[in-house]
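> Sequence plus the predicted model coming up.
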Amino acid sequence: LEFRRVLFRSKQEELKYFASKQVWRAVPRPRAPGMKVIGTRWVCCNKGDSINPDVRCRLVCQEMKRYETDEFFAATPPIETMRLLVSMAAESEDLVMSLVDISRAYFNANIGREVYVEMPPEAGMPKGTVGRLIKCMYGTRDAAQGWESTYCAALLRLGFSRGAANPCLFTHKSRNVRLCAHGDDFLSVAKLVDVRWFEAALLKEFEGKIKGNLQKPDDEFRVLNRIIRRTAAGYEMEGDQRHSEIIVRDLGLTTESKALSVPGRKLTKAELDGEPESLSPEDHSDYRARVARCNFMSSDRFDIAYTVKELCRRMSKPDAGDQAALKRLGRYLLDKPRVIIYFPWQEAELITVMTDSDWAGCPRTRKSTSGGLVMRGRHLIKHWCATQATVALSSGEAELISLVRGASEGLGVQSLLRDLGVQSRVTILTDASAAIEIGRAHV
C-alpha cells in the first residue's frame with residue numbers, strides 16, 4: 001500500500017512538471033482529424049527498496065523511430081573528446097574541470113511539427129481529450145535534435161563558437177573555456193573564475209545542477225558512468241567497473257576460481273583441425289549478450305581490445321571453443337577488474353600515433369589485424385584494434401594498411417583539438433620501415 005502511494009505521488013509530480021514546462025495543450029480528439037494520436041506509457045524505477053521506496057516515474061511517448069533520412073539526426077561526441085578535455089585540464093594546476101547536468105533536457109525544446117499524444121488517466125482529463133505537444137517529450141523522434149538546437153543557440157548567445165569536426169565541441173575564446181556537450185551533460189575545462197561564470201550562465205538558461213568540480217586532489221565525479229578523478233600527480237580516468245563484475249558473475253566465476261594474467265591465447269593446430277562442438281540457441285544468445293558487454297567495456301580498456309575483437313567476430317555462430325575463450329577472458333577480468341588511465345601533469349603540443357599489425361594473424365581467414373594508439377604527450381587519447389578488410393599479401397602491405405588507419409585516426413584527433421582551439425602536429429610511429437617507404441611513394 002505504501003509503495004502504491006509513493007508511485008501515485010511520483011506520477012503526480014511528473015504531471016506537475018509537465019504543466020510547469022507547458023509540454024502539451026489539452027484539445028478534444030476531433031481537433032486532430034487525420035492525425036495519428038501517439039500512445040504514451042509510464043516508465044517507473046524504484047531506486048530504493050521495498051521498505052524505503054524511492055520511485056521515479058517518467059511519462060514517455062511511444063513514437064516509432066525511422067531512419068530512412070537524416071531528418072532527425074542529432075550529433076554525439078566520441079569518447080576521445082572526454083579524454084582530450086582531461087588531457088587539457090592536466091596542462092596546468094590552475095585549470096578546473098566542471099560537470100553540469102541539465103534536468104529533463106528535452107522539455108526545453110519546442111517541437112517543430114504537429115504531434116498529438118494520448119493523455120494518461122492520471123492527468124484527470126475528460127474522456128476524448130488528447131494532448132497537442134508544444135515541447136518535445138521523451139520518445140518523440142525529434143527530441144534529441146530539438147534539444148541540440150536549443151542548447152547550441154544558448155551557447156552561441158553566450159559567446160561560444162561551435163566545432164567544425166564535431167558539433168558537440170565548443171570554445172569561448174575570451175574566457176578560454178573548452179566544452180563538450182553530451183546530451184544533457186556539459187563537461188568543461190577552464191580556470192575557476194571562468195568555470196563559475198559558465199555554470200551560472202548555463203543554469204540561468206536551463207534548469208539543472210552542478211554535479212562536481214575537480215579543484216583539488218581526491219575530487220572526482222562520474223560522467224557517462226566513467227569516473228574522472230584529480231590527484232596530486234594529475235588526473236585519472238576509469239571506466240565503469242560494474243561491467244567486469246557482471247561478466248564474471250554471469251560466467252559463474254567466483255573468488256575461488258583460478259585467475260589468469262593474459263586475456264586470450266592462440267588456437268593450437270589440433271583445435272583448428274578438430275570438429276567444433278556446437279552450442280544450443282540459448283547459449284548463442286548468452287554468448288552474444290556477454291560479448292556485447294565486453295565490446296562496450298573495451299572502449300575504456302585497451303588491454304582486452306584484441307581478445308574482445310576476436311570474440312566479436314564469432315558472434316554469428318559461436319561454438320564451444322569460443323565459449324571457452326570468453327571464459328578465459330572472464331578469468332582475466334577476475335584478476336584485473338579495473339583499469340585506470342593516468343593523465344600526469346604535462347605541457348603537450350604533439351600528437352603521436354603508434355601503429356602495428358600482425359601479418360595473417362587469423363588462422364581461419366589469414367587476415368591481419370591493425371592496432372594502434374593515439375597519444376597526446378604521455379596521455380592516451382584513443383586506441384583501436386580491428387581486422388583488416390582485405391588479405392594482405394606481405395607483412396609490408398599489412399603494415400601499410402595499419403599505417404593508413406593510424407594516419408586517419410591521428411588527423412581525426414587533430415581536428416577535434418582544432419575545434420577546442422588547440423593546434424597540434426601529428427607524428428606517426430610504426431615498426432616497419434618498408435611500410436613507411438611504401439607510404440611515402442604513395443603520398
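Yep, it's here. Numbers count the residues shown, from 1 in each chain.

> Pull out the buried positions in the lengthiest helix in the chain.
Secondary structure of the chain read by DSSP state H shows that its longest helix is helix 395-419. For helix 395-419, burial by neighbour count (16 or more other CB atoms under 10 Å) applies to 395-407, 409-410, 412-414, 416-419. Just so you know, the C-beta spots here come from the backbone N, C-alpha and C atoms, and that holds for glycine as well.

> for stretch 358-377, same thing?
So stretch 358-377, judged by 16+ other CB under 10 Å, has buried residues 358-361, 367-377.

> ok, which stretches of the stretch 51-200 of the chain are helices?
Per DSSP state H, counting those that start in this stretch, the stretch 51-200 of the chain carries helices over the ranges 79-89, 143-157, 192-205.

> Now for the residue nearest the centre of the chain: which residues touch it?
Among the residues of the chain, Ile79 comes closest to the average C-alpha position under CA atoms, centre = their mean, at 5.9 Å. Going by CB atoms under 8 Å, 6 or more residues apart in numbering, Ile79 touches 299-300, 382.

> how about a cut-off of 6 Å?
Ser299 (CB atoms under 6 Å, 6 or more residues apart in numbering).

> For Leu95, see how far away the residue nearest to Gly112 when sequence neighbours are not counted is.
Setting aside the residues directly before and after it, Gly112 is nearest to Asp142 in space (CB to CB, 6 or more residues apart in numbering), at 6.4 Å. Distance from Asp142 to Leu95, counting by CB to CB, to the nearest Å: 36 Å.

> One more: Phe170?
On the measure of CB to CB, Phe170 and Leu95 end up 16 Å apart.

> swap in Arg229?
For Arg229 relative to Leu95 (CB to CB), the value is 15 Å.

> What of Thr129?
53 Å.

> How about His172?
Taking CB to CB, one finds His172 at 14 Å from Leu95.

> same question, Leu403
For Leu403 relative to Leu95 (CB to CB), the value is 34 Å.

> can you pull the pLDDT of the residue nearest to Gly112?
For Asp142, the model assigns a pLDDT of 86.

> next one: Arg440
46.

> and what of Ser433?
46.

> what does Phe3 give?
74.

> wait, isn't Val6 in contact with Pro53?
Yes. Counting by CB atoms under 6 Å, Val6 does reach Pro53; the two are 4.7 Å apart.

> joint contacts of those two?
With CB under 6 Å, 6+ apart, Val6 and Pro53 have no common neighbours.

> Let me know the secondary structure of Glu282.
Of the three states, Glu282 takes helix under DSSP: H, G, I helix; E, B strand; the rest coil.

> same thing with the one 5 residues further on?
With three-state DSSP as the basis, Tyr287 sits in helix.

> Tell me how far it lies from Ile304.
Taken as CB to CB, the span from Tyr287 to Ile304 is 16 Å.

> Those two: which has the busier surroundings?
Ile304 (23 against 20; other CB atoms under 10 Å).

> What does the pLDDT read for that one?
Confidence for Ile304, expressed as pLDDT, is 95.

> Setting aside sequence neighbours, what's the nearest residue to it?
Counting by CB to CB, 6+ apart, the residue nearest Ile304 is Pro263, at 5.0 Å.

> ok, now Tyr17?
Nearest to Tyr17 is Arg104, by CB to CB, 6+ apart, at 7.0 Å.
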